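Enquirer: Return atomic coordinates for the entry below.
(chains A and B)
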Amino acid sequence: MAKVIKGRTGDWEMVIGLEVHAQVISNSKLFSGASTNFGSEPNHNVSLVDAAMPGMLPVLNEECVKQAVRTGLGIKAAINLYSVFDRKNYFYADLPQGYQISQLYHPIVGEGTVILDLEGGETREVGVERIHLEQDAGKSIHDQDPTRSFIDLNRTGVALMEIVSKPDLRSPEEAGAYVRKLRSIMRYLGTCDGNMDEGSMRADVNVSVRRPGEEFGTRTETKNVNSIRFIMQTIEIEAKRQVEILENGGTIDQETRQLDVANNTTHPLRSKEEAHDYRYFPCPDLLPLTLEQSFVDELAKDLPELPDPKKERFISELGLSAYDAGVLVAERETANFFEAVAKGRDAKLAANWVMGDFFGALNKSGKDLADSPVSAEGLGGLIDLISDGTISGRIAKEVFEAMWESGKSAGDIVEEKGLKQISDTGAIEAIIDEIIANNPSQVEQVRGGNEKLIGWFVGQTMKASGGKANPGVVNQILKAKLG
Amino acid sequence: MVPGGSSGGSAASVAANSVLGATGTDTGGSIRQPAAFCGITGIKPTYGRCSRWGVVAFASSLDQAGPMTRSVRDCAIMLEAMAGYDKKDSTSINRPVPSYQNEMTGSIKGKRIGVPKEYRVDGTSDEIIKLWEQGIEWMRDAGAEIVDISLPHTKYALPAYYIVAPAEASSNLARYDGIRYGHRVEGEDLNDLYCKTRADGFGDEVQRRIMIGAYVLSAGFYDAYYNKARQVRTLIANDFKAAFGQVDAILTPTAPTPAFGDNEIQDDPIAMYLNDVFTVPASLAGLPAMSVPAGLSNDGLPLGLHLIGQPFEEGELLNIGGVMEKAAAFSAKPQLRAGA
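Expert: I've put the predicted structure just below:
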């Protein structure tokens, strides 16, 4: 899936690594008791610790540690029983401490793997280098006053997991698939809500280009990209910009850049002279974090079934295609819904209905699974009517629409509208006889060898029965009478 | 004269009888040196014994709070109230606080007191050496055994301290940037505001330490300075650990000089730093240490003797200190005192 850029001087390959900042789901912040609630009044979720009042000290939130360990286990990563919090020192108005507490030298989670689900059911493994815990900064607001900036410290000190990938990604599509998969895993685990529009997930995008098979080139880092589309856009822009420079004989500066969405470009965030020296050192207010193996084992025991094993199970036990299984497991809620529909029923039929008419109706109405007017039980009931021959697949579509509109059960609608399928051969024969009698020239053509016209007879019969005739029976009788 | 520092205000107030006792914080000697200069008792407990919550942080891995009083017994009473676990300070240690007063039995018979040869440093005044020898005599007279010991890495303690402490201070003081807390001087932009605020708000010595700290933590120098200093710190702690295999406590002078005039040596930062030479090693090792007033200089200024104890053996330290106090019978009072 490596994407090749055709340059004037030959092919170039993109090399991409992502640092994903994922906000940990926890009630309180990483080192203080202040709430993490999103959307509170500015500066309401701020403790004395977050505001960096003199004499205040950080105290580690155990739940955040658990969330990081769960996330590590979710990507089959090594959990480091010994990790250390470091201070990353820099001055900024929304960083009241003057440093961010992070983990540079000894992160809590080591190497892991994320399996990408690519188009056509293909998969590819991407390495994760590490996950470390760190504090988020506050928010600077520059657009509310012509001369002043405002600071909101609500986000200050909220726990983030920085998930650092290896430079294993080779195209914008892979990068997109990687972020989607990480998000899916974390949503299954309940460790990050993945709401990129609320800033719960952001990425620093590292891009370089090279001749296929050669050494890595110099990379640039585009900071704080906040949607999958923008991540992909950043990679496109950066790779092209770098190829352009290299093909003109230039060199790439290793620098920090910023995406400019409006102008479809990136520009340097700061010059080399202004590059930060973060003066990392172990935070003397916190002891090294040591975990017992039993603590990790306990968390491992309670992990939910994750998308990859679930997908495997859907393929091997339920007989779904890799593609269908991949789509259905992407979100935990969807997978649960599907499983409820498929329970005790034909899984493929259930998958077709969930992914077809049901998703279609959800998308069209702009509704979420949670407020769908048709429940899993309701959809299952409809499928039962198809399976036992009460209604045909075509009628089922009509019934489904009525269910979506009215919220009534499939059985009630079939009953009310008299949509029950006609499987009685006598009744169907009578309809067919009449059609044969009224269309002698078509009958002659079929008997003369134009077998395609059988379909026309099927259609006429279905139409005459109001769609209720059992198509299997119709076919059978027509073949006997016209064959 | 200066009262010493940085808890010099606390020391002077106690000495002047305006308070019964006072709290202080000690990073490299800031309780013990002013206690010595002012003729009072001060103890820096084991790192982690008292909570640092609410203490304005200078060097977090060294800062400890402790009592400063006119008698060793007052110190024991006050420390008992101050010590203990605090879940708001992750470096505080959860272990019971003994009755320090009960541990002050007045007997040190059979106790082994170590005298480290490396503390005979250049620049120590004769009167200090003489007092130290007097202290050794008092201990021996009280039935203690005097043991010559070696703390071989002592000479590296001061340089290591003046890397670790400024490094942490440079980070701890970053919050005083004029944005959220405290004094602000407006500037043309954010960076200008920072520069003006911090240039105006911090004194020369603090600015010097921030610069030293930023330097030793910066890329390319971190390993040579900060990391090396941390290694030295471990060696110094190991020196003490080895010594405590042979002795129960260690006796040294508190400071190499008596109090100096407020126009003396303060312009010379190195001379100032050298004044911490006896107190800093115990700080780096996180050990409890106290200063007890033991005599007067030729000019009539108070001098202190310094006792270093094993981790969490504040009780033993106070007991030995009590015996020293009795032997020294220090009774000098400052001319300026409350109620006098």
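
Enquirer: which sections of chain B are below the confidence cut-off?
Expert: Scanning chain B for pLDDT under 70 picks out B:265-266, B:340.

Enquirer: And the strands in it?
Expert: In chain B, the strands defined using DSSP state E lie at B:21-26, B:41-44, B:64-69, B:112-116, B:145-149, B:249-253, B:289-296, B:302-309.

Enquirer: Who are the contact partners of residue 207?
Expert: This is for chain A. Residue A:207 sits next to A:14, A:15, A:16, A:219, A:220, A:222, A:234, A:235, A:238, A:239, A:242 when contact means CB atoms under 8 Å, 6 or more residues apart in numbering or on different chains. For glycine as for every other residue, the C-beta is placed from the backbone atoms N, C-alpha and C.

Enquirer: hm, I was asking about chain B
Expert: Counted by CB under 8 Å, 6+ apart, residue B:207 has contacts B:198, B:199.

Enquirer: What separation do you get for it and residue B:170?
Expert: 10 Å (CB to CB, to the nearest Å).

Enquirer: for residue A:54, same thing?
Expert: With the distance defined as CB to CB, residue A:54 ends up 16 Å from residue B:170.

Enquirer: need the contact list for residue 176.
Expert: Using chain A here. Contacts of residue A:176 by CB under 8 Å, 6+ apart are A:228, A:231, A:232.

Enquirer: that answer is for a different chain, and I need it for chain B
Expert: B:182, B:183, B:197, B:198, B:201, B:202 are the contacts of residue B:176 under CB under 8 Å, 6+ apart.

Enquirer: mind running it again at 6 Å?
Expert: Taking CB atoms under 6 Å, 6 or more residues apart in numbering or on different chains, we find residue B:176 in contact with residue B:182.

Enquirer: Residue B:332 now?
Expert: Counting by CB under 6 Å, 6+ apart, residue B:332 has contacts B:39, B:296.

Enquirer: In the stretch 151-300 of chain A, where is pLDDT below threshold?
Expert: A:271-273.

Enquirer: How about the residues of it by chain B?
Expert: Counting by CB under 6 Å from any CB of the partner chain, the residues of the stretch 151-300 of chain A close to chain B are A:277, A:279, A:281, A:284, A:285, A:286, A:287.

Enquirer: which two in those are spaced the farthest apart?
Expert: Put simply, by CB to CB the two of these set farthest apart are A:277 and A:287, 26.2 Å from each other.

Enquirer: Between residue A:54 and residue B:170, tell me which one has more neighbours.
Expert: A direct count of neighbours by other CB atoms under 10 Å in any protein chain shown for residue A:54 and residue B:170 places residue B:170 higher, at 25 against 15.

Enquirer: Now that that one has come up, it's in contact with residue B:215, right?
Expert: No. Under the criterion of CB atoms under 6 Å, residue B:170 is not in contact with residue B:215, lying 8.6 Å apart.

Enquirer: Out of the contacts of residue A:207, the closest to residue B:154 would be?
Expert: Among the contacts of residue A:207, and counting by CB to CB, the member closest to residue B:154 is residue A:219, at 48.0 Å.

Enquirer: Count residues in the vicinity of the closest residue to the closest one other than its chain neighbours, would you?
Expert: Leaving aside its sequence neighbours, residue A:219 sits nearest to residue A:208 (CB to CB, 6 or more residues apart in numbering or on different chains; 3.9 Å). Using other CB under 10 Å, residue A:208 has 20 neighbouring residues.

Enquirer: Likewise for residue B:147?
Expert: Residue B:147 has 15 nearby residues by other CB under 10 Å.

Enquirer: What of residue A:233?
Expert: If we define neighbours as other CB under 10 Å, then residue A:233 has 19 of them.

Enquirer: so which strand or helix has it?
Expert: helix A:228-247 (DSSP states H and E).

Enquirer: From the contact counts, what lies against that helix?
Expert: strand A:4-7, strand A:10-23, helix A:172-189, strand A:201-210, strand A:220-225 (3 or more CB pairs under 6 Å, 6 or more residues apart in numbering or on different chains; DSSP states H and E).

Enquirer: right, and those - which one's nearest residue A:368?
Expert: Of those, nearest to residue A:368 by CB to CB is helix A:172-189, at 13.6 Å.

Enquirer: Buried residues in that closest one, which are they?
Expert: A:172-179, A:181-189 (16 or more other CB atoms under 10 Å in any protein chain shown).

Enquirer: and what of stretch A:216-226?
Expert: Neighbour-count burial for stretch A:216-226 [16+ other CB under 10 Å]: A:217, A:219, A:220, A:221, A:222, A:223, A:225, A:226.

Enquirer: wait, doesn't the last one sit right on residue A:200?
Expert: What it means is residue A:226. No. Assessed by CB under 6 Å, residue A:226 is found out of contact with residue A:200, at 9.7 Å.

Enquirer: still on that earlier bit, wait, the residue nearest to residue A:219 touches residue A:220, no?
Expert: No. When contacts are counted by CB under 6 Å, residue A:208 is not listed as touching residue A:220 (7.4 Å).

Enquirer: what's the closest of the buried residues of stretch A:216-226 to chain B?
Expert: Minimum distance to chain B across the buried residues of stretch A:216-226 is 16.7 Å, recorded for residue A:221 (CB to the nearest CB).

Enquirer: how about the helices in the stretch 1-150 of chain A?
Expert: Using DSSP state H, counting those that start in this stretch, the helices of the stretch 1-150 of chain A run over A:62-74.

Enquirer: so which residue of it comes closest to chain B?
Expert: residue A:98 (2.4 Å).

Enquirer: Not counting residues beside it along the chain, what's closest to that residue?
Expert: Take residue A:98 and drop its neighbours on the chain: the residue closest to it by CB to CB, 6+ apart is residue B:174, 2.4 Å away.

Enquirer: Count residues in the vicinity of residue 250, would you?
Expert: Unless you meant another one, I'm taking chain A. Neighbour number of residue A:250 under other CB under 10 Å is 10.

Enquirer: To clarify, I was referring to chain B.
Expert: Neighbour count of residue B:250, defined by other CB under 10 Å: 26.

Enquirer: same deal with residue B:336?
Expert: Neighbours around residue B:336, by other CB under 10 Å: 11.

Enquirer: again with residue B:129
Expert: Neighbour tally, residue B:129, other CB under 10 Å: 13.

Enquirer: Could you check how far it is from residue B:110?
Expert: Counting by CB to CB - residue B:129 and residue B:110 are separated by 27 Å.

Enquirer: With residue A:449 instead?
Expert: From residue A:449 over to residue B:110 (counting by CB to CB), the distance is 122 Å.

Enquirer: tell me which parts of the stretch 1-150 of chain A are close to chain B?
Expert: Residues of the stretch 1-150 of chain A lying near chain B (CB under 6 Å from any CB): A:51-52, A:54-55, A:57, A:59, A:87, A:89, A:91, A:93, A:96-99.

Enquirer: what about residue 67, how many neighbours?
Expert: This is for chain A. 24.

Enquirer: I was thinking of chain B, sorry if that wasn't clear
Expert: 29.

Enquirer: Verify the contact between it and residue B:75 for me.
Expert: Yes. Contact criterion CB under 6 Å: residue B:67 and residue B:75 qualify, at 5.1 Å.

Enquirer: Before I go, just wanted to say thanks for your time.
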